[in-house]
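J.: Got a sequence here, can you build the structure:
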Amino acid sequence: MTKKTRTTEKTTKKKLFYSVKGNKNFDFETTKNYGKKVLTENLGIQKNEKVLIIADETTSLIGKAFLNAGKSLCKKTELIEMKSLP
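T.: As a prediction, this is how the structure comes out:
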């Protein structure tokens, strides 16, 4: 992998993580799929469990994608959005 490729990958991941509302580079479906994978494979969420997702203004879209992913995976999923810290 070349240095340019690594830089491009980092930039792409940054755009995804720090996207804000209206950002054309944000892919909701891809993030939702990542959310399903994180919830099931990394966190081991079961159908009978409840999930609480907390996001701030800068991670709002990611939080909503995880919310949608969680709704299909477990008993109850909620999202709390808070203001960003200064």
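
J.: can you map out the strands along the protein?
T.: 50-56, 76-82 (DSSP state E).

J.: Now render these as TSV, adding mean neighbour count and distance to Lys64.
T.: (C-beta placed from N, C-alpha, C; glycine too.) Putting the strands of the chain into TSV (neighbours: other CB atoms under 10 Å; distance: least, CB to CB, whole Å) gives the following:
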stretch	mean neighbour count	distance to Lys64
strand 50-56	15	8
strand 76-82	13	7
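
J.: wait, which of the ones you listed is closest to Asn68?
T.: The closest of these to Asn68 is strand 76-82. By CB to CB, the value is 8.5 Å.

J.: Would you check how far apart the residue nearest the centre of the chain and Thr77 are?
T.: Taking CA atoms, centre = their mean as the criterion, Ile62 is the residue nearest the geometric centre of the chain, at 3.3 Å. Distance of Ile62 to Thr77, computed by CB to CB, to the nearest Å: 14 Å.

J.: Then Lys37?
T.: 15 Å.

J.: picking that back up, for the strands of the chain, give me a markdown table that also has mean pLDDT and distance to Gly44.
T.: Listed next are the strands of the chain as a markdown table, based on pLDDT from 0 to 100; distance: least, CB to CB, whole Å:
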| stretch | mean pLDDT | distance to Gly44 |
| --- | --- | --- |
| strand 50-56 | 94 | 11 |
| strand 76-82 | 95 | 15 |
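
J.: Quick one, which of these gets closest to Leu43.
T.: Across the strands of the chain, closest to Leu43 is strand 50-56 (CB to CB), at 8.3 Å.
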